[in-house]
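Model the structure of this input:
(one chain, ligands or ions: 1)
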Amino acid sequence: MSLHKELKRITTNTIQEMKAAGEKIAMLTAYDFSMAKLLDEAGIDILLVGDSASNVMAGHETTLPITLDQMIYHAQSVVRAAKHCLVVVDLPFGSYQGNTKRALESSIRIMKESGAHAVKLEGGAEVADSVKRILSAGIPVMGHLGLTPQSIYKFGTYVVRAKEEAEAEKLKRDAMILQQSGCFSLVLEKIPAKLATEVSKNLSIPTIGIGAGSGTDGQVLVSHDMLGINHEFHPRFLRRYASLADIIAQAVINYTKDVKSHNFPSEAEQY
Ligand code: KIV
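Coordinates of the predicted model:
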């Protein structure tokens, strides 16, 4: 089953055209070949090799520990599978902050060693020079505002951001700065829906929301959350489209039972 109408590669231009045409953009995270192949074949527009790999793949509490080498490894696996969608890769914590040269070098490594199509970084005015420098090498950049998990120790909590006037005003300014700096798109994470709608209307580049309501130009979820593989995470914004944890658990129970009861393998399953 596939939603592909044609096998044309989705590019940064395509997703900008989608905003202009009022077509919503669907983005999911992917970190490995097998899952990326399933998601790409099912017709996803963008695969994000998110630094959430640090939580989902490696079991860390935050996104901070994942390294540039590890992100490149995940990105290589996803790129090998993605025949249709746009592949965007997160610049991990420590690979770009406060140093435009480092930001450019990290982005070049991601693009050269993985074959991905764009990078994503977190922050507003403070990363504008890095965005411009990365773009000077012809690398498209996606921004990320609102709840930016790489700053979790500054926030102290994963609650909704920009509920207060001052933070909302800063977010609006940052969004405009990122657009002017050349970002082709912007993730808005866990901010009030009204604010996300206003920002999306004021920008010409597409916004992609997570916990930011229905007024953004697209949506992103962590695949393992929306597929119910990770069943311990229940934020309000998460819609589960499957309960794979239950299906996997039942399959493993059945397999273990069959092995222990000499029921597997059968005669037909041996040589
Ligand atoms: O790393 C990630 O998965 C992300 C999305 C939640 C936007 O940045």
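
Could I get the contacting residues of the closest residue in space to Leu135 that isn't next to it in sequence?
Leaving aside its sequence neighbours, Leu135 sits nearest to Gly182 (C-beta to C-beta, 6 or more residues apart in numbering; 4.5 Å). No exception for glycine: its C-beta is placed from N, CA and C like everyone else's. Listed by C-beta atoms under 8 Å, 6 or more residues apart in numbering, the contact set of Gly182 reads Val131, Lys132, Leu135, Val141.

Quick check: Gly182 vs the ligand, distance?
20 Å (C-beta to the nearest ligand atom, to the nearest Å).

And Pro65, by the same measure?
The value you get for Pro65 to the ligand, if C-beta to the nearest ligand atom is used, is 13 Å.

tell me the contacts of that residue?
With contact set as C-beta under 8 Å, 6+ apart, Pro65 has these partners: Ser54, Ala58.

Over to it: give its phi and psi.
For Pro65, the backbone dihedrals are phi -70, psi -20 (criterion: degrees, to the nearest 10).

just to revisit the earlier point, selection in PyMOL covering whichever of the contacts of Gly182 are buried, please.
Of those, the buried ones go into a single PyMOL selection, burial set by 16 or more other C-beta atoms under 10 Å:
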select buried, resi 131+132+135+141
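
which two of the contacts of Gly182 lie the greatest distance from each other?
The largest separation in these, counting by C-beta to C-beta, is between Lys132 and Val141 at 9.0 Å.

Ile210: neighbouring residues, count only.
25 (other C-beta atoms under 10 Å).

I figured it hits Glu189, correct?
Yes - with contact defined as C-beta atoms under 8 Å, Ile210 and Glu189 form a contacting pair (4.9 Å).

Show the model's pLDDT score for the residue nearest to Leu135.
pLDDT recorded at Gly182 is 98.
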